[in-house]
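K.L.:
Let's see this in three dimensions:
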Amino acid sequence: CEDSVGGIVERNLKSLLEEDGGERLPTGLLSNGVTPYQICEKILEDVGMTPLQSITPSMKCDCSEERLFRSVRLLGREEVEDILEKEEQLEARCHFCGKVYRMEPDEVRKRFKMATGDPAKDEEQH
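P.N.:
Here you go, the predicted structure:
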């Protein structure tokens, strides 16, 4: 098994962990600036694999007022009216990017009148 791909990967991983000083994950290497790509290169050394693509992660949030309203519709009109009566507006914060959305009662009611489709599905709501 030592000459198989699995054996090579296991040997490379063991060597990588020894270099790192960790037991299960190479967190020390990451802390020292070694990239995930470089860690993969070390693990797959001598296996003959080539990356098909490389991407750069970025923070991109798809939150919008439309998504907020779709969520509001899932609550149901009576519950939304109760919130509007108590709070005098709807307010929600995106848990990903932190953007705060606010809707006034007139806008919420107007959107409810115009809404079509199933709010549980990711489709356009007008």
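
K.L.:
Now for residue 40, how many residues are close by?
P.N.:
Residue 40: 12 surrounding residues under other CB atoms under 10 Å. Where you see a C-beta, it was placed from the backbone N, CA and C, and this is true even at glycine.

K.L.:
cool, and residue 10?
P.N.:
14.

K.L.:
Next, the contact list for it, please.
P.N.:
If you count contacts by CB atoms under 8 Å, 6 or more residues apart in numbering, residue 10 has none.

K.L.:
Report the separation between residue 80 and residue 14.
P.N.:
Separation of residue 80 from residue 14 (CB to CB, to the nearest Å): 57 Å.

K.L.:
Which secondary structure state is assigned to residue 118?
P.N.:
Under DSSP: H, G, I helix; E, B strand; the rest coil, the three-state class of residue 118 is coil.

K.L.:
count of residues packed around residue 87?
P.N.:
With other CB under 10 Å as criterion, residue 87 counts 11.

K.L.:
and the residue nearest in space to the middle of the chain, backbone torsions?
P.N.:
Nearest to the geometric centre of the chain sits residue 96, at 7.8 Å (CA atoms, centre = their mean). Backbone geometry at residue 96, expressed as degrees, to the nearest 10, gives phi -90, psi -50.

K.L.:
Roughly how far does residue 37 sit from residue 30?
P.N.:
For residue 37, the distance to residue 30 - CB to CB - is 12 Å.

K.L.:
who has more neighbours, those two?
P.N.:
The neighbour count for residue 37 versus residue 30, taken as other CB under 10 Å, is higher for residue 30 (15 against 9).

K.L.:
doesn't residue 36 make contact with that one?
P.N.:
Yes: contact status for residue 30 versus residue 36: in contact at 7.5 Å, counting by CB atoms under 8 Å.

K.L.:
who has more neighbours, residue 80 and residue 14?
P.N.:
Comparing residue 80 with residue 14 by neighbour count (other CB under 10 Å), the higher total belongs to residue 80, at 20 against 10.

K.L.:
isn't that one right next to residue 90, touching?
P.N.:
Yes: taking CB under 8 Å as the definition, residue 80 is a contact partner of residue 90 at 7.2 Å.

K.L.:
Next, show the common contact partners of those two.
P.N.:
72, 108.
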